[in-house]
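Student: Take this sequence and fold it.
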Amino acid sequence: MDYKVDNKGKYVVVTTTSEKLNTTNAPDLKSEFVMITSQSNKNIILDLSNCQYCDSSGLSAILVANRLCEQIDGKFVLTGLQPDVESLIKISLLDTILNIKDSLDEAEAFMEYDPE
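Tutor: Residues are numbered from 1 along each chain as shown. Take a look at the predicted model:
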């Protein structure tokens, strides 16, 4: 398993432990996102601070998580983007549709904020 899962109650933090998010491990990560959202967790933070490389399979896993959270009125936040991964996300224009925060603290604060 190339990631760890930490359930914080209001949200779940998934942290990659591998330097790569690619065809080798992205399918497992997608499955994990499905499991998380099927267990009444609608908010996910994906921390990619350990990830130096991401391919199209990795981007697909990120988009699956975003879609799953949106479908159940949840929030998906991406954080810890390393330069190469951030560049890929910007080139793909995914920065226009994803919630991206600079740090895990910012992502957690975003999840904790409830305007009601």
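Student: Quick check: buried residues in stretch 100-109?
Tutor: 100-101, 104, 107-108 (16 or more other Cβ atoms under 10 Å). For the C-beta atoms, the positions are set from N, CA and C on the backbone; glycine is no exception.
Student: Asp47: what's it in contact with?
Tutor: 13-16, 79-80, 104, 107 (Cβ atoms under 8 Å, 6 or more residues apart in numbering).
Student: Just those: which are in helices?
Tutor: Using DSSP state H, the members of these that fall in helices are 104, 107.
Student: ok, the contacts of Asp47 vs Ser49, which is closest?
Tutor: Distances from Ser49 to those, taken as Cβ to Cβ, are shortest for Gly80 (3.0 Å).
Student: nearest to Glu32, of the contacts of Asp47?
Tutor: For those, the nearest to Glu32 is Val14 (6.6 Å; Cβ to Cβ).
Student: In strands, which of the contacts of Asp47 fall?
Tutor: 13-16, 79 (DSSP state E).
Student: Could you tell me which ranges of this structure sit under the pLDDT cut-off?
Tutor: 114-116 (pLDDT under 70).
Student: Give the buried residues for the longest helix along the chain.
Tutor: Longest helix in the chain, counting residues (DSSP H): helix 56-71. The neighbour-count check on helix 56-71 (16+ other Cβ under 10 Å) flags 57-66, 68-69 as buried.
Student: Which neighbouring elements make contact with that helix?
Tutor: Here helix 56-71 touches strand 20-21, helix 26-38, strand 44-47, strand 76-79, helix 83-91, going by 3 or more Cβ pairs under 8 Å, 6 or more residues apart in numbering; DSSP states H and E.
Student: Can you add distance to Tyr53 and give these back as JSON lines?
Tutor: Output for the helices and strands packed on helix 56-71, formatted as JSON lines (distance: least, Cβ to Cβ, whole Å):
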{"stretch": "strand 20-21", "distance to Tyr53": "5"}
{"stretch": "helix 26-38", "distance to Tyr53": "12"}
{"stretch": "strand 44-47", "distance to Tyr53": "15"}
{"stretch": "strand 76-79", "distance to Tyr53": "15"}
{"stretch": "helix 83-91", "distance to Tyr53": "6"}
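Student: I am finished for the moment; much appreciated.
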